[in-house]
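Q: how would this look folded up:
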Amino acid sequence: MIPCSETDCACEVERHDCKLVALTGGPGAGKTAVLEVVRKHLCQHVAVLPEAAGIVFGGGFPRGSGDVERRAAQCAIYHVQRQLERVSTASNAYAVALCDRGTLDGLAYWPGPESSYFEELQTSKALELARYRAVIHLRTPHADGGYDFSNPLRIESAAQAAEADQRILEAWSEHPRRIVIDSSSTFVEKLLRAVEAIRAELPVCCRRHEVPEVDRALAHT
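A: Okay, here's the model as predicted:
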């Protein structure tokens, strides 16, 4: 077993064919914690991409409630997401690029029929589904089940978050390799199930890193 405090991998493969894996779910589902654990403990052949929406809105893009503003925001997020994926898949250093959301998440926030989303972006659902080797969906907890308001970019109430989570679930429903992870009695259980789902998408030679007990405990706080 490779020590979990080290991300160096004993893999002897020098070049990898990078696959995209989307980690998605509604607001407050726990994606940030899962991505941090993956970033810290899985091997260097996993690229963890930042959330495109965080880049867009955190950079000052207007977040209006009108249809024009909402469409503009989702178009901006889509194109940032595509370019983040482009950079990671261009490198043979990564076996998996773990995406903080995927391009079909925009359907959950798009004002108008689904068809107009693809017309606006000049793509199709089939093309976007085919981009990702797997989709791992973390379900948003209920208001009394641990929904977290601490993220300053999170503006949804627990009820709104649950509705968004359901729309995202429907957006990815046709993906042939979708893993849905429901909320557990403890977040640590949910986190470890997510990490194992991500690990399963790695080459066998890159699967030997473990999450230490201390970080399991921290994830519960």
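Q: and stretch 175-194, how far out from the chain middle?
A: The chain centroid and the centroid of stretch 175-194 are separated by 12 Å under C-alpha atoms, centre = their mean, to the nearest Å.
Q: pLDDT (mean, whole number) over the longest helix belonging to the chain?
A: Across the chain, the longest stretch assigned as helix under DSSP state H is helix 67-89. Mean pLDDT, computed over helix 67-89, is 97.
Q: and that helix, which residues are buried?
A: 70-78, 80-81, 84-85, 88-89 (16 or more other C-beta atoms under 10 Å). All C-beta atoms are positioned from the backbone trio N, CA, C, and that covers glycine.
Q: could you point out which element follows that helix?
A: strand 96-100 (DSSP states H and E).
Q: other SSEs contacting that next one?
A: Applying 3 or more C-beta pairs under 8 Å, 6 or more residues apart in numbering; DSSP states H and E, we find strand 96-100 packed against strand 19-25, helix 31-41, strand 46-48, helix 67-89.
Q: any chance of those in TSV, plus distance to Ala194?
A: Below are the helices and strands packed on strand 96-100 laid out as TSV (distance: least, C-beta to C-beta, whole Å):
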stretch	distance to Ala194
strand 19-25	7
helix 31-41	5
strand 46-48	13
helix 67-89	20
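Q: closest one to Arg131 among these?
A: strand 19-25 (5.8 Å; C-beta to C-beta).
Q: sheet partners, orientation included, of that closest one?
A: strand 96-100 (parallel), strand 132-138 (parallel) (DSSP bridges).
Q: which one of the ones you listed lies nearest to Val48?
A: strand 96-100 (5.1 Å).
Q: so for that closest one, mean pLDDT?
A: Strand 96-100 comes out with an average pLDDT of 97.
Q: sketch out the low-pLDDT regions of this protein for me.
A: 1-7, 143-156, 213-221 (pLDDT under 70).
Q: change it to 50
A: For the chain, the stretches with pLDDT under 50 are 1-6, 145, 214, 217-218, 220-221.
Q: next up, the contacts around Ser72.
A: One correction, residue 72 is Ala, not Ser. Pro62 (C-beta atoms under 8 Å, 6 or more residues apart in numbering).
Q: 10 Å - rerun?
A: 56, 61-62, 64, 66, 120 (C-beta atoms under 10 Å, 6 or more residues apart in numbering).
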